[in-house]
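# Here's my sequence, what's the structure:
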Amino acid sequence: MHPSDSAFFDAYKKLERFCSELYSQQSGVSAYIAEMEACADRGRASVPSWNADYQGLKHIRWVRNRIAHEAEPGRLSEDGDLTFARDFYRRLQAEKDPLALLRRTGPPRRRAPKGKKEEGSSPQPRAARTAPVLALIGCILLLLLLFYLICMNYR
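Have a look, this model is predicted:
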């Protein structure tokens, strides 16, 4: 194994151990990535580094797998891979990683239903909207029935 790959592999193992303890799973980096995927919409909107961190984690996991499973001669990792792994580990420890930043923004906000105009009003249920229409139709049918009965009496 190339010396720079060995340094990267050690940094990745350190990150993997930290995430494994965090998620109580053997594959901690994969668990972290899965959690990012689960709240990606909110994360992209709230954390500026979200996409870069997500892509970076997936990349270094891929590089780690190549080093661990492929018997290719030569160097497989780049200097940026080692830098990212170390930096992300430091941010995890300092709780400045994307998921920690997302947790600080608070719980997800519920979107207002389309067409909602007033802030505290709740949308009417469908039954409440259709009741007046059904009452009108009933009145019209009753009037038609009365008209029919009156006309039949005069013949």
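
# model confidence over whichever strand or helix holds Asp87, on average?
Asp87 belongs to helix 79-93 when assigned by DSSP states H and E. What helix 79-93 shows for mean pLDDT is 94.

# What of stretch 106-122?
pLDDT averaged over stretch 106-122 gives 56.

# hey, which helix is longest across this structure?
Counting residues, the longest helix found in the chain (DSSP state H) is helix 126-153.

# and the residue nearest the centre of the chain, what pLDDT?
Nearest to the geometric centre of the chain sits Cys39, at 2.1 Å (Cα atoms, centre = their mean). If you check Cys39, the pLDDT there is 91.

# Now the nearest residue to it once chain neighbours are set aside: which helix or strand?
When the adjacent residues along the chain are set aside, Cys39 lies closest to Leu102, with 6.5 Å between them (Cβ to Cβ, 6 or more residues apart in numbering). In short, each C-beta sits where N, CA and C put it, glycine included. Leu102 belongs to helix 98-104 when assigned by DSSP H and E.

# is it true that the residue nearest to Cys39 touches Ser49?
No: between Leu102 and Ser49 there is no contact under Cβ atoms under 8 Å: 10.9 Å.

# higher neighbour count, the two?
Higher neighbour count among Leu102 and Ser49: Leu102, with 20 against 14, using other Cβ atoms under 10 Å.

# quick one on the thing from earlier: quick one: the residue nearest to the centre of the chain and Leu99, what's the gap?
From Cys39 across to Leu99, the span is 8 Å (Cβ to Cβ, to the nearest Å).

# Kindly report the same for Thr83.
21 Å.

# Identify the residues contacting Gln26.
Ser20 (Cβ atoms under 8 Å, 6 or more residues apart in numbering).

# State the three-state secondary structure for it.
Classification of Gln26 by DSSP: H, G, I helix; E, B strand; the rest coil places it in coil.

# Thanks a lot, catch you later.
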